[in-house]
Each structure stands twice: as structure tokens, then as C-alpha cells.
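> Quick one, what's the 3D model for this:
(one chain, ligands or ions: 1)
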Amino acid sequence: MSRKTRIDKRVLVVDDEADLAELLELTLLKMGLSVDKAGSVAEARALLARHRYDFCLTDMRMGDGEGLEIIEHIQARKLDVPIAVITAYGSMQNAVAALKAGAFDYLAKPVSLEQLRTLIKSALRLDDDEDQHAPGTSGEVSGRMLLGDSAAMKQVLELIDKLSRSQAPVYVSGESGSGKERAARMIHARSSRSDKPFVAVNCGAIPEHLMESEFFGYRKGAFTGADADREGFFQAAHGGTLFLDEVADLPLLMQVKLLRAIQERKVRKVGATQEEAVDVRIISATHQNLARCVENAKFRQDLYYRLNVIELHMPPLREMGADVELIAQHVLVRLAQQNGMPTTPALGPEALAALRHYAFPGNVRELENMLERALALCDGQVITADDLQISPANEAGREEGGPDSGDSLQDYLDRVERAAILEGLEKTGGNRTQAAKLLGVTFRSLRYRMERLGI
Ligand SMILES: Nc1ncnc2c1ncn2[C@@H]1O[C@H](COP(=O)(O)OP(=O)(O)OP(=O)(O)O)[C@@H](O)[C@H]1O
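All right, here's what the predicted structure looks like:
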């Protein structure tokens, strides 16, 4: 690598193996970065207290402690230092634990210097044009944010914040229309990858025979009609985020190929002999129960573990309390503007009550459609309950909605339990001890249930 001008970024390398620490230091110095080394957890803590670092790279196991302790130290003090861990070969569990604790990414031993450079570049936003690494500004506009003020949505937003600082694969679960794609876009927009592409793929919409070439690209002449080289989704998302929507719809054969690409961080175009390195962060989603797809042998377990390092669960709208009004108001203002209406019609009291009681099986998307229709039907001033056209069959409110939508009894019971817990938390401002009292269960039981339901 040619000599680079110095970049005003400081990295802390924590490793008690002097040789490896030196190799890492040299690589980082060659990239133009300033480097400090610590040979133990204690030394790392002392340095973190004294200096401001832009990145920390730590081994997982040191004489006096674990790399995890350093992650926790940084998180607890909200130091805003992206941190990557170096794990022993084959210890995926350690890597997962680190990512869950808030690590930005991990490198497996033996450390590939090329991977290290890619990782550092993406963490520090140093790319081909090093003058442009303005930190922070993601260019996010509020129209792209998830709206909501309920305890459920606050939790989602907090987790998104944390996930934006990491490179871990994220699996977004939730019902149809609950904002899974919007959440994925938010994570990307706030991450160090925000100036690189976000590529969204609906896995259910690609014909099976085209999948490989769509994902990995093809070389000219690979098949009839391939009259020029073409990139696939992976290459298109290079440096950025690949959002795999409806991932449960991938056929098994494609799941194997996807797993390989994710593991190796390399893909091969159809018709090519060489593999090429790709750097993408994977966010996947489906409205199906992915764990159940694994049980039914429709989804590979190994891929499931790869994708589902961290789960972000999007709450259904009916569990978001007063958020329905908040979101409805925003949507109305936007739609009225788009339609060139001089004023935004207000929601009448009965319409508001109807929205509050409706179960919204199609979630926010259904709310948007409902309001669009209501705007066309209303008198231009006030939207009435009639304008919302909520069909009586679906009026079975949030409380009464039974296991009639193809759900199993367990799904239904989970839903009811989840709604009750969230309501309890909402009423007590998120205080678990008080919520447990309100719900008539012990604190321990509430904690267990929250864990089980991913709340
Ligand atoms: N909390 C929210 N605040 C504002 N808009 C939202 C929110 N949640 C969802 N939306 C909007 O609802 C619509 C559906 O959201 P999105 O496409 O992200 O859902 P999804 O869960 O990915 O749906 P599907 O399962 O059908 O793919 C979009 O127009 C999105 O902008």
C-alpha cells in the first residue's frame, strides 16, 4: 500500500500477544492512523479514560480479563467508540456474544489484514476519498423515521440506535406492514455505511431459476441472453447494506449459496471462475415465524443462526397504544400535502375512537391505505368513522381478536401475553417491578416472559 497522509484518527489496539499487536499496529499506521497499544484490560481502561479514540480493536482473551469487559466498559460510559474483537478461530459463540454486547464487528484468527483494513475503513468512514469522512450526518429525513412514542416503539428505537453502531447481522421480525423495511433503512441510514447503497431485495419475488444470477451477477455468455457482464445484489450493495425481505421464501438451494457468500464474504458470478470479495451488512426480515420454518425444515438452521445474530422485533400497531393517533396525524399531513389540499382534514372523535379499537391486521400500511381512502371520501374538513370504512368483520378490537387468522393457539396466546405486558409497562412508564405488580406476577416471572417474547 502506498504511503498515506496522516488522518486525524486514533485507534486503541488491545492485545497481550506482542507479535500480533505489533502487526496490527503496523497495518494501522500504514493506513495513516495514530495507534496506542494496551497489553491488558486494565491498561486499556486507563487509556480509554485518558484519550478519545475513534476505534478500538481488542483481542477476546487477555491475561487479566476478557474483551467483552472492554465492550461493556465502553458501552456503560457511552464512549461512542466503535469496537471490534478478535476471536479465536471457530469460536463463533464468542463473536456472537461480542456483537450482542455492542461490538461493531469481529475478526477471526488468523487475522486477515485485508479484512482488517476493510473493517477499519468502514468503521472510520475512510474510503477512496478520505476528505469526505464527515462523521455523524446520515442525511436522514424525518419522513424516513419510524414514528411512535409508546414503550414498544421506544424500545425499538433504542435498539436501532445500538444496532446502527454495529456491523452485526440483524433479523427484523414482525407482522406485515409493521415497518420492518423502514427499520432496516433507519439502521443503514444511521450506520457508518450510510453513504453506500442500501439494496432491498424481496426474496419472494424472484423466479427460482434467476436467483443465483440476480444475487451474485453473471458474466457475459454465461447463458443465452447474457450479452454483457452484470452485477448482482451483493456487488450492488458493496460497502453498504443488503436487505433481504421475505427471506423465508428463499428456496433451500439458494439458502446454501447465500450462507456461503455470507460466511466467506465472497461471491462468484454465474459463469465466472474467480470469486470476488464483497463487504455487505445483511439485514433480513420476514413476516413468517422463521424459527418455525427451521423446525419444519423449510429454512436451514445454520443460515438462521447466521442471519439472526440480533433480532429486532417490530410491534404490531395494535400494541402501540396511542401511537396510532400520532402516526395517523403524520400520514394525514403528508397525504394532504401530496394531494394539494389547502388544509389537513381533522380526525373526528368517533373516527379516533374507531382507530383506537381497530386491530389493524395490516398494521401501519393498512392505516395509510385507510387514511388515503378516507381523505377521498371525507368532506375536506373532518374525517368521520364512516369515512374510515372499517369493515365490521375486522372490528373485533385489539382485545377481542381471537386465533382466527391462521395462527396457532400458541401464537395467539403469545400475542395476548405480549399485549398485556406491554400495556403494563406502558402504564408504569417502563418500570418492571411496578408492571409485575400490576399484572399480578412476580418480577422474575415477568422478566422471564419478556425474554421469551423478545420484549
Ligand atoms: N412506525 C412507523 N412510523 C411511520 N411509518 C411507518 C411506521 N411503520 C411502518 N410505517 C410505514 O408503513 C408502511 C409499511 O412499512 P414497511 O414496508 O417498512 O413494512 P414491512 O413490515 O416491511 O412490510 P412487509 O412485511 O409487507 O414487507 C410504509 O409506508 C412505512 O413507511
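> ok, now how distant is whatever residue of the chain ends up closest to the ligand from Arg334?
Taking CB to the nearest ligand atom as the measure, the chain has Gly179 as its residue closest to the ligand, at 2.7 Å. C-beta: built from backbone N, CA, C; applies to glycine. With the distance defined as CB to CB, to the nearest Å, Gly179 ends up 15 Å from Arg334.
> Looking at the two, which one has more neighbours?
It is Gly179, of Gly179 and Arg334, that has more neighbours when counted by other CB atoms under 10 Å, with 25 against 14.
> care to break this structure down by domain?
Using automatic domain parsing, the domains assigned to the chain come out as 10-132, 148-313, 317-394, 409-452.
> what packs against the top helix by length along the chain?
Ranked by residue count under DSSP state H, the longest helix found in the chain is helix 409-427. Contacts defined by 3 or more CB pairs under 8 Å, 6 or more residues apart in numbering; DSSP states H and E place helix 409-427 against helix 151-164, helix 432-439, helix 443-452.
> okay, now Asp80: neighbour count?
When neighbours are defined as other CB under 10 Å, Asp80 has 12 of them.
> And for Val14, nearest residue in space, chain neighbours not counted?
Closest residue to Val14 in three dimensions, ignoring its sequence neighbours and counting by CB to CB, 6 or more residues apart in numbering: Thr58, at 3.8 Å.
> Might you report the residue contacts of that neighbour?
Leu12, Val13, Val14, Asp15, Ala44, Gly67, Ile70, Ile71, Ile83, Ala84, Val85, Ile86 (CB atoms under 8 Å, 6 or more residues apart in numbering).
> could you redo the last one with a cut-off of 6 Å?
When the contact criterion is CB atoms under 6 Å, 6 or more residues apart in numbering, the partners of Thr58 are Val14, Gly67, Ile70, Val85.
> strands paired with the helix or strand harbouring it, and their directions?
Assignment of secondary structure by DSSP states H and E places Thr58 within strand 55-59. With DSSP bridges as the criterion, the sheet partners recorded for strand 55-59 are strand 10-14 (parallel), strand 83-87 (parallel).
> Name the surrounding residues that touch the first one.
Taking contacts as CB under 6 Å, 6+ apart, the residues outside strand 10-14 that touch it are 21, 24-25, 28, 33-38, 44, 47, 53-58.
> out of those residues, who's near the ligand?
When those are filtered against the ligand using CB under 6 Å from any ligand atom, no residues are retained.
> out of those, which are inside strands?
Using DSSP state E, the members of the contacts of strand 10-14 that fall in strands are Ser34, Val35, Asp36, Lys37, Ala38, Phe55, Cys56, Leu57, Thr58.
> Now the closest residue to Gln263 other than its chain neighbours: which helix or strand?
Counting by CB to CB, 6+ apart, Gln263 lies nearest to Arg306, which is 7.1 Å off, once chain neighbours are set aside. Secondary structure assignment for Arg306, by DSSP H and E: helix 301-307.
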